[in-house]
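Asker: need a 3D model of the sequence below.
(one chain, ligands or ions: 1)
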Amino acid sequence: MIKPIIVGNWKLNGTKKKIKKFLKLLSLFVKKYNPKGTIIISLPIIYTYIIKNLSIFKKKKIFSGAQNVDNHVLGSFTGEISPNMLNDMMIKYVIIGHSERRFNHKETNHIVANKFRLLKQENLIPILCIGETKQEKVDNRIEEVCIKQIDIILNTCGTHAFDNSIIAYEPIWAIGSQNSATPSEVQYVAQFIRQYINIKSNYKIKNFFIQYGGAVTNKNVSELISKEDIDGFLIGRSSLEITEFIKIIKLINI
Ligand code: PEP
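Answerer: All right, here's what the predicted structure looks like:
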């Protein structure tokens, strides 16, 4: 992984036609500008085959991500997809613990930790989403919430769990809103997360990155990326339109 690492999370959006057009324009851009970071596109799983056929995918200029995975390996789990199936389909990066899954699908920290464990077993790269609600921010509990979401991973997978992994710090109140956290707020939390994980791993952590997610646009991305502990972004809305997405890549790849 080379930073900055940018993940476009398409959620439940797109059609075959729209996605093909988006990827065609992204391919042209990547071939022309050869951006130096890591670009990951997390489409609805049914459309990920479109990425696999691109020459920029074969040349590892962009990567395919999943938005979720099941916490079982195989068996009677209708509608689910397992870590080894993702591996089989060359989908290397997997978002887990997104707040929309935690809320809409009642995913607990325990379930998320089990998913993390299974992804590591398959040598896949988890993008673990953590972050506080508005009320938890008001109550000054940001560190406490992050620690809880991190500790369960460390307790399940060991002190080196975060080797070769990404944490996406996503304040829940910022996701899908007009209000990003300020660059200094994000830097404060990102630095806290890095220090916490460094201490827990005895400063032996390797290939660990911290992203920010929540209302990132071409207007705020330059100042956010200038902060020392922000290694990239998990982007929802702004990843759906190719002109906006390219603008963001250009701004963070200077
Ligand atoms: C997200 O869903 O992870 C996200 C950050 O969304 P948005 O960029 O739209 O706030």
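Asker: which residues of the stretch 151-254 of the chain lie near the ligand?
Answerer: Selection of the stretch 151-254 of the chain residues close to the ligand by Cβ under 6 Å from any ligand atom yields 170, 175-176, 213-216, 234-238. Where you see a C-beta, it was placed from the backbone N, CA and C, and this is true even at glycine.
Asker: just the ones of these in helices?
Answerer: If you go by DSSP state H, those have nothing in helices.
Asker: can I have the buried ones of these as a ChimeraX selection?
Answerer: Buried residues within these, by 16 or more other Cβ atoms under 10 Å, are selected in ChimeraX with:
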select :170,175,213,214,215,216,234,235,236,238
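Asker: my reading is that P126 lies in a strand. Confirm?
Answerer: Yes: according to DSSP: H, G, I helix; E, B strand; the rest coil, P126 belongs to a strand.
Asker: wait, it touches I96, no?
Answerer: Yes: look at P126 against I96 with Cβ atoms under 8 Å: they come within range, at 5.5 Å.
Asker: which helices and strands sit right next to the lowest-mean-pLDDT helix or strand in the chain?
Answerer: Least confident helix or strand, the chain: helix 55-58 with a mean of 91, by mean pLDDT, DSSP states H and E. The elements that helix 55-58 packs onto, with contact taken as 3 or more Cβ pairs under 8 Å, 6 or more residues apart in numbering; DSSP states H and E, are helix 16-33.
Asker: packing partners for the helix it packs on?
Answerer: Partner elements for helix 16-33 (3+ Cβ pairs under 8 Å, 6+ apart): strand 38-42, helix 49-52, helix 55-58, helix 242-252.
Asker: turn those into TSV, including mean neighbour count.
Answerer: Shown next, in TSV, are these (neighbours: other Cβ atoms under 10 Å):
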stretch	mean neighbour count
strand 38-42	25
helix 49-52	16
helix 55-58	14
helix 242-252	18
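Asker: out of the ones you listed, flag the one nearest S165.
Answerer: strand 38-42 (13.4 Å; Cβ to Cβ).
Asker: taking the protein, what residue is nearest to the ligand?
Answerer: G236 (2.4 Å; Cβ to the nearest ligand atom).
Asker: contacts only, for that residue.
Answerer: G236 is in contact with 9, 11, 175-176, 213, counting by Cβ atoms under 8 Å, 6 or more residues apart in numbering.
Asker: make it 10 Å
Answerer: With contact taken as Cβ atoms under 10 Å, 6 or more residues apart in numbering, G236 is in contact with 7-11, 13, 98, 100, 170, 175-176, 213-216.
Asker: ok, so of the residues of the stretch 151-254 of the chain next to the ligand, who is nearest L86?
Answerer: Using Cβ to Cβ, L234 is the member of these that lies nearest L86, at 17.6 Å.
Asker: where does pLDDT dip in this protein?
Answerer: Along the chain, the parts satisfying pLDDT under 70 run over 254.
Asker: beta partners of the residue positioned nearest the centre of the chain?
Answerer: When Cα atoms, centre = their mean is applied to the chain, the residue found nearest the centroid is I127 (4.3 Å). Counting by DSSP bridges, I127 forms beta bridges with I95, I166.
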